[in-house]
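Trainee: task: produce atomic coordinates for the following.
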Amino acid sequence: MADTPRRVLVTGAAGRLGRATLALLAELGVEATALDRVAPNAPRVVVGDAGDPATVRRALAGVDAVLHFAAIPAPTLGTPEEVYCGNTRSTFVVLEEAGQAGVSRVALASSLSVTGMPWAAKPLHPAYLPIDERLPLQNEDPYGLSKQADEATGEMMARRFGTGVVALRYPLLGGPGDKFDTTAARYAGDPGSGASELWTYLDDRDAARAAWLALTAPLTGYHAVFVTAPATLAPQPTEDLLDRFHPGVERRRRFEGREAPVDLTVAETLLGFRAEHLFPVEGR
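Mentor: Coordinates of the predicted model:
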């Protein structure tokens with residue numbers, strides 16, 4: 001393992017992933033600084049915009065690692081300019097200020113939306129399956145493009161400052177009794193509604209743990225990593241879903257049962273990550 005951070009800055013700390021991560025850091029006994037526009041429940045809070053350099057510099061005091069989650073999380077939650085410009089500005093500012101402050105490790109929340117499929121106006125298909133970190137991207141929406149730009153920023157900052165940077169490509173996040181119940185029910189009745197996201201998901205607790213591993217795994221340079229549960233939220237066999245909704249796409253291997261069509265090799269080998277909190281879906 002890399003050196004354990006003494007204090008971690010969490011941006012977007014009042015959001016779903018931020019709250020789960022603050023809870024994990026508290027459980028691990030790691031001090032956290034929480035940055036958000038609204039004050040989250042944390043011992044040390046900086047209220048402000050992650051796109052403001054002065055605010056970020058103040059939040060970085062005493063910090064030796066950063067988890068950057070602050071973002072508008074969908075293209076429907078603002079104008080195209082607000083979504084793209086807001087997300088990319090905050091990522092550039094946070095990583096630039098962290099590098100100037102000598103922070104050695106940063107993990108940022110990217111998304112499976114970086115593929116371009118989830119928010120596309122018309123159905124898109126991946127170049128091959130399972131998808132992996134070398135997959136060609138097909139963005140045509142401001143949110144997916146903002147994540148593509150965020151990843152490019154992370155790669156540049158790793159070169160610029162020698163920072164270890166991990167971009168975590170998260171799928172749908174949630175938990176039992178929350179998003180997963182309704183989404184699984186929707187996929188059961190309308191499996192095509194999950195085709196653009198490949199029916200993937202990840203429990204909030206696992207998402208937080210992946211972020212922690214991205215700060216502590218022994219790595220250098222920049223890395224993009226898909227992190228998902230190993231099975232889908234759909235009850236149908238994955239092979240049947242792909243035959244129906246992604247026909248003609250090259251399959252580089254067969255999928256057993258409800259196996260997620262995502263290559264999780266990098267998550268397992270680089271970060272030592274495998275999801276532990278699996279949603280119980282009754283297969284067909």
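Trainee: look up the residues forming beta bridges with the residue positioned nearest the centre of the chain.
Mentor: Nearest to the mean C-alpha position of the chain, counting by C-alpha atoms, centre = their mean, stands Tyr170 at 3.1 Å. Judged by DSSP bridges, the bridge partners of Tyr170 are Ser111.
Trainee: list the contacts for the nearest residue to Ala167 once chain neighbours are set aside?
Mentor: Nearest non-adjacent residue to Ala167, counting by C-beta to C-beta, 6 or more residues apart in numbering: Ser110, 4.1 Å away. Just so you know, the C-beta spots here come from the backbone N, C-alpha and C atoms, and that holds for glycine as well. Neighbouring residues of Ser110 by C-beta atoms under 8 Å, 6 or more residues apart in numbering: 147, 150-151, 167-170, 224.
Trainee: next, the distance between the ends of stretch 217-230.
Mentor: Criterion C-alpha to C-alpha, to the nearest Å; first-to-last residue distance in stretch 217-230 is 21 Å.
Trainee: can you pull out the strands in this protein?
Mentor: 7-11, 31-36, 44-47, 65-68, 105-111, 128-129, 164-170, 172-174, 201-203, 222-226, 250-251 (DSSP state E).
Trainee: before we move on, back to that, next, the contact list for the residue nearest to the centre of the chain, please.
Mentor: By C-beta under 8 Å, 6+ apart, the neighbours of Tyr170 are 17, 109-112, 202, 207, 227-228.
Trainee: isn't Ala50 up against Thr88?
Mentor: No. In this structure Ala50 lies outside contact range of Thr88 using C-beta atoms under 8 Å: 11.5 Å.
Trainee: just to revisit the earlier point, among the contacts of Ser110, who's most crowded?
Mentor: Lys147 (29 neighbours; other C-beta atoms under 10 Å).
Trainee: skipping its backbone neighbours, what lies nearest it in space?
Mentor: Closest to Lys147 by C-beta to C-beta, 6+ apart is Val114, at 4.1 Å.
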